[in-house]
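J.: Sequence first, then the predicted structure, then my questions.
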Protein chains: 2
Amino acid sequence: MAAALPVSALIEKHRPTLDKALESIRSRAYWSPHPEHPKAYGENGSLSLPEGKAAFDALLGNRLDLDQPGTDDWTGGEVSPYGPELSISYPHADPDVLLPAMRAGMRAWREAGAEARALVCLEILARISARSHEFAQAVMHTSGQAYMMAFQAGGPHAQDRGLEAVAYAYAEQVRTPGEAEWTKPQGKRDPLALHKTFTPVGRGVSLLIGCNTFPTWNSYPALFASLATGNPVLVKPHPRAVLPLALTVQVARAVLTEAGFDPNLVALTAERPGEGSAKTLALRPEVRIIDYTGSTEFGDWLEGNARQAQVYTEKAGVNTVVLDSTDDYQGMLANLAFSLSLYSGQMCTTPQNLLIPRDGIRTDAGEKSFDEVVADLSAAVGGLLGDDARANALLGALVNPGVRERLEAAPGLGEVALASREIGNPEFPDAVVRTPVVVKLDGAKPDAEAAYLSECFGPVSFAVAVDSTEGALELLRRTVREKGAMTVAAYSTSPEVTAAVEEVCLEECAQLSLNLTGGVYVNQTAAFSDFHGSGGNPAANAALCDAAFVANRFRVVEVRREA
Amino acid sequence: MAAALPVSALIEKHRPTLDKALESIRSRAYWSPHPEHPKAYGENGSLSLPEGKAAFDALLGNRLDLDQPGTDDWTGGEVSPYGPELSISYPHADPDVLLPAMRAGMRAWREAGAEARALVCLEILARISARSHEFAQAVMHTSGQAYMMAFQAGGPHAQDRGLEAVAYAYAEQVRTPGEAEWTKPQGKRDPLALHKTFTPVGRGVSLLIGCNTFPTWNSYPALFASLATGNPVLVKPHPRAVLPLALTVQVARAVLTEAGFDPNLVALTAERPGEGSAKTLALRPEVRIIDYTGSTEFGDWLEGNARQAQVYTEKAGVNTVVLDSTDDYQGMLANLAFSLSLYSGQMCTTPQNLLIPRDGIRTDAGEKSFDEVVADLSAAVGGLLGDDARANALLGALVNPGVRERLEAAPGLGEVALASREIGNPEFPDAVVRTPVVVKLDGAKPDAEAAYLSECFGPVSFAVAVDSTEGALELLRRTVREKGAMTVAAYSTSPEVTAAVEEVCLEECAQLSLNLTGGVYVNQTAAFSDFHGSGGNPAANAALCDAAFVANRFRVVEVRREA
């Protein structure tokens, strides 16, 4: 039976997009095929905002049946950080049945070749894109992101990251030709001649362990990198954020089927409350690749114990901002205030420690003392979030009680420069919405170290008084080396200081944003251009997305014979 | 002070070679810039055979001072497998002094950029190439390889593999541009515009743990991949095979100095007898990359314990030949006889298990029973090695007493089809030279499994009777999956059988040679075209050489600022 979606149709539809993605990862210039304006959707088969909302509402209270083999139970229980219970149940898989079933489709998937695999992935992404407003609801009501962010970060930006991974995976697989003729001269004798074939082969089942805060954005690179390199992908979402990935799996299975492949190449297993199934699945011999975003503790456990697998982890880190001087004081304050506020600081890229010389900094508005900088930044945050509607749109809701507990404990760590404020959400009265707290710490006091040298995930920042910019750089170096960092930011008008910060980041392997005062924020990265994490400090052992993220998800098998 | 070897001179001298290497890893066609004929040397500054011998002789009995910091002792004690004591002593390093000194040169090495690093590596290789006859003596008298093999595999072929690694490293580092302008439209507002820089940075000190049998060939890919990606390389040779790597380090340090870099970017530390320094060094926090060739036991230990480092290992494996049918019986026998004999089977790529249906195989010389095939192969080996001079030239010497012990124990494992024979070496009467033993085993007997399902490194092969070709494929699959394999070979005239063998190798990730009957042997691979190992079965976690072998030896640090 001919596939409903033959490769020829996929080539015509998606090859130009793949080519543009390949060009973009080489040039690192701006590009995205996924519009980020919510109003760009609603035509050409894509869902408008109300249609997305209706589609989401239709899911609530129902079983999401993915028609997978080995489903031995149904489980779920997501409660939106905005209050409502989702009451959706998902398949819980018996790995003894599901894992072999997932492997069954590997041969045909391998034989399809790198281009067909890439184009099937692009079709999956295109269908997800068309449902971006539905995914936005799902992301909002699992992560607590405000709608606009859930839409953009959970929709087009996540899709961009997925496409980027497909482009890297494709480029990597076609670096070695499918066939080669090898002829070695032998002087007067006949040359030695061999015909060789080279086939990219997946490693085996790829286990994707999703996170609570960015269920799609943090998962799509891994999902698509593994699938595009020939591996079946088993998705084990965070129990509080199943829906966005369940919908993803649903789309992937439909596309695989239409393209003539085994839908079991992508499957989902939800976990029962307290089951901790990631730990069991991670040690299965079929699982040869694992991607994980979450705590350092479990990330380290995976790296140490899942020895049969390639393990890619994004873990905790402590992000630092070095404040030395600026020629745009207001711009700096506004930029930082936004970064601290966005999604209540619940991003792995949100700055935590603001290192400020205790003698103050030079600015275009004159010298500013430590206390003035902290007060002005606090005022900027206060101003940004002064209007409740705007605050709700920026902050979203606290994702889980752990974040709230850390926020509430923060005032005990030092002098509160900016107190957290409770904000009411008129649409979702049960949402826990809080503005960020800023706590002053003295970097010279050893007892403050315990606070600023550990990740305090959520809307908590520390304004750390340091003796000098030199002292700030030493603390930056130590923080990145010992605790890791997804991002570093610095403000300075001095070329010497700027060069010194760059050198620390080059030596300690951290991604640096310098003097951001406009509409780009340290906690945001753009696919095809920015790397997310470096893979070279303790916060993550891989970067999104580079060749190292894809090159070891497959191997090349060579067959040679005499020509 | 200007460098004696400025980058401009290196570009002129080596850039065309780098470009040709880059082209070759894409086309996988035959290419080598390093002549493999011994007589090609002796002009244009390269050493002739007698000159190489004289240079080697001059080293004997002396201290090889590499002028390294932190040398706290001198150690050595290599005894040639051909008999003579080398009596050379080498630096033993205090890691507390040497490792920081090695890191000191990282910044300038990073700032030089990928091209300069690659070209410095090419100059190192060129100087090693010119001394190939000296290196051949060093390899011969540490590995026990016969001179011609020590010359070719230890010289030009090892240099090819080093150059291949440099090409991969260079290609990987320049995939991301050094700078990019990123401009994101914002509708009617001004676009967001960022200037970005991307810098490849090394991970840290790269520890290279050398092996006894191929001190240069198995080390050069790692050494050059790490150095070319910005990492200092600490070489810890096998205590029985120090000299080839000590000379390599000597050349590297000289070239680095002349090119204006810190010579401590490459250093050597020899170990005292029984010291086991690899274990200590592997856990040093400065060590961020480890390459190892050797036992599965220590390779597994490294993977499990050196958690601060990227660990690349080549370990034990069990290489299989499937015999189904052939249209060139004599060619097959001759080819296999050579593969079993070369370097006394002391190659990680030497076939161990010959799986032969107990009912025999079809050949162009008629049906051949199991016993006939084994007898004919034994006769082919006997004929190949019938002349003592030729036998010495092919076999070399047993590398260490462990190989001899396994050889001597082999007759106890089953029925001896071909007994090992002692060969005298007129030039080196103390050399232990032995022809291979072939032992018959019955694959259906469970007690035979212990023999054929473990690596018996050295001149020992098992002719395993299996029920059918299907049975052979099942055993092949199981062997690769459980024990790993660097190579698989098969002989069949049946397209169905050939396809089935290919499928097993694709699924279990093993490199396959089909129907080799001429002058190419299963245990040989050519740089720029063949992959050595797959990195996808237990014999090795990396292949030589592909992008995955280099892509994680460096990270890319991005610095972005408003344009």
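T.: Structure received.
J.: is the residue of the stretch 201-350 of chain A found nearest chain B in a bridge, and if so with what?
T.: With CB to the nearest CB as the measure, the residue in the stretch 201-350 of chain A that lies nearest chain B is A:V201; the distance is 5.4 Å. In this view, the C-beta of every residue, glycine as well, is placed from N, C-alpha and C. Per DSSP bridges, the residues bridged to A:V201 are A:R555.
J.: May I ask you to confirm that it is in contact with A:E558?
T.: No - taking CB atoms under 8 Å as the contact criterion, A:V201 and A:E558 are not neighbours in contact, 10.8 Å apart.
J.: circling back to that earlier point, give the contact list for the residue of the stretch 201-350 of chain A closest to chain B.
T.: The neighbourhood of A:V201, defined by CB atoms under 8 Å, 6 or more residues apart in numbering or on different chains, consists of A:110, A:230, A:554-557, B:506-507, B:509, B:536.
J.: Check the model's average confidence along the strand or helix carrying A:T498 for me.
T.: When elements are defined using DSSP states H and E, A:T498 is found to belong to helix A:495-508. When pLDDT is averaged over helix A:495-508, the result is 98.
J.: how about that helix, does it reach chain B?
T.: Yes - under the criterion of CB under 8 Å from any CB of the partner chain, helix A:495-508 makes contact with chain B via A:502-503, A:505-507.
J.: Low-confidence ranges, chain A, go.
T.: Per-residue confidence of chain A (counting by pLDDT under 70) places the weak regions at A:1.
J.: quick one, longest helix in it?
T.: Of all the segments assigned as helix in chain A under DSSP state H, the longest by residue count is helix A:106-130.
J.: And the next helix or strand past it?
T.: Under the assignment DSSP H and E, the closest C-terminal helix or strand after helix A:106-130 is helix A:132-143.
J.: now the angle between helix A:106-130 and that next one, please.
T.: Relative orientation of helix A:132-143 with respect to helix A:106-130: 100 degrees, computed using axes from the mean of the first three to the mean of the last three CA atoms, to 10 degrees.
J.: and the residue nearest the centre of chain A, what does it touch?
T.: Averaging the C-alpha coordinates of chain A gives a centre point, and the residue nearest to it by CA atoms, centre = their mean is A:N218 (2.5 Å). Applying CB under 8 Å, 6+ apart to A:N218 gives the contacts A:210-211, A:293, A:314.
J.: quick one: which of these has the most company?
T.: Neighbour count (other CB atoms under 10 Å in any protein chain shown) singles out A:G210 as the most crowded of those, with 30 neighbours.
J.: so how far is A:E314 from that one?
T.: 12 Å (CB to CB, to the nearest Å).
J.: so A:K13 touches A:V120, yeah?
T.: No - in terms of CB under 8 Å, A:K13 does not count as a neighbour of A:V120; the distance is 11.1 Å.
J.: Run through who's touching the helix holding A:T498.
T.: Applying CB under 8 Å, 6+ apart, the contact partners of helix A:495-508 are A:322, A:324-325, A:469, A:473, A:476-477, A:480-481, A:488, A:490, A:492, A:510-512, A:514, A:536-537, B:106-107, B:110, B:199, B:201, B:557, B:559.
J.: on that earlier part again, got a winner among the residues of helix A:495-508 next to chain B for most neighbours?
T.: Neighbour counts for those were taken using other CB under 10 Å; the highest belongs to A:C505, with 28 neighbours.
J.: tell me which residues in stretch A:183-195 are buried?
T.: A:184, A:192-194 (16 or more other CB atoms under 10 Å in any protein chain shown).
J.: With distance to A:A542 as new columns, can the residues you listed be given to me in CSV?
T.: As requested, the buried residues of stretch A:183-195 are exported to CSV (distance: CB to CB, whole Å):
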residue, distance to A:A542
A:K184, 39
A:L192, 41
A:A193, 41
A:L194, 36
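J.: Close to chain B as well: tell me which of these qualify.
T.: Applying CB under 8 Å from any CB, the subset of the buried residues of stretch A:183-195 adjacent to chain B comprises A:184, A:192, A:194.
J.: Now tabulate those residues in JSON lines and tack on secondary structure.
T.: Listed next are these as JSON lines, based on DSSP: H, G, I helix; E, B strand; the rest coil:
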{"residue": "A:K184", "secondary structure": "strand"}
{"residue": "A:L192", "secondary structure": "strand"}
{"residue": "A:L194", "secondary structure": "strand"}
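J.: would you turn those into a markdown table with distance to A:M140?
T.: Listed next are those as a markdown table, based on distance: CB to CB, whole Å:
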| residue | distance to A:M140 |
| --- | --- |
| A:K184 | 62 |
| A:L192 | 63 |
| A:L194 | 57 |
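J.: any idea which of the residues you listed is closest to B:V97?
T.: For these, the residue nearest B:V97 by CB to CB is A:K184; the value is 46.8 Å.
J.: right, and the closest one touches B:Y30 too?
T.: Yes - here A:K184 reaches B:Y30: they are 4.6 Å apart, a contact under CB under 8 Å.
J.: So A:K13 and A:V120 - more neighbours on which side?
T.: A count of neighbours by other CB under 10 Å puts A:V120 above the other of A:K13 and A:V120, at 27 against 14.
J.: And for the closest residue to that one other than its chain neighbours, the neighbour number?
T.: For A:V120, ignoring the flanking residues on the chain, the nearest one in space by CB to CB, 6 or more residues apart in numbering or on different chains is A:A259 at 5.1 Å. Close neighbours of A:A259, defined as other CB under 10 Å, add up to 22.
J.: which residues sit in contact with A:A259?
T.: Each residue near A:A259 by CB under 8 Å, 6+ apart is listed here: A:3-7, A:10, A:116, A:120, A:123.
J.: of all the residues in the stretch 301-450 of chain A, which ones are close to chain B?
T.: The stretch 301-450 of chain A has residues A:303-304, A:307 near chain B, with proximity defined as CB under 8 Å from any CB.
J.: if we can go back for a sec, which of the contacts of A:A259 count as buried?
T.: Once neighbours are counted (16+ other CB under 10 Å), the buried part of those comes down to A:5, A:7, A:10, A:116, A:120, A:123.
J.: if we take the residues you listed, which one ends up nearest to chain B?
T.: Taking CB to the nearest CB as the measure, chain B lies nearest A:A116 of the buried ones among the contacts of A:A259, at 16.6 Å.
J.: Apart from its chain neighbours, what residue comes closest to that closest one?
T.: Per CB to CB, 6+ apart, closest to A:A116 is A:V7, 4.7 Å.
J.: Look up phi and psi at the one you found.
T.: Backbone torsions for A:V7, taken as degrees, to the nearest 10, come to phi -60, psi -40.
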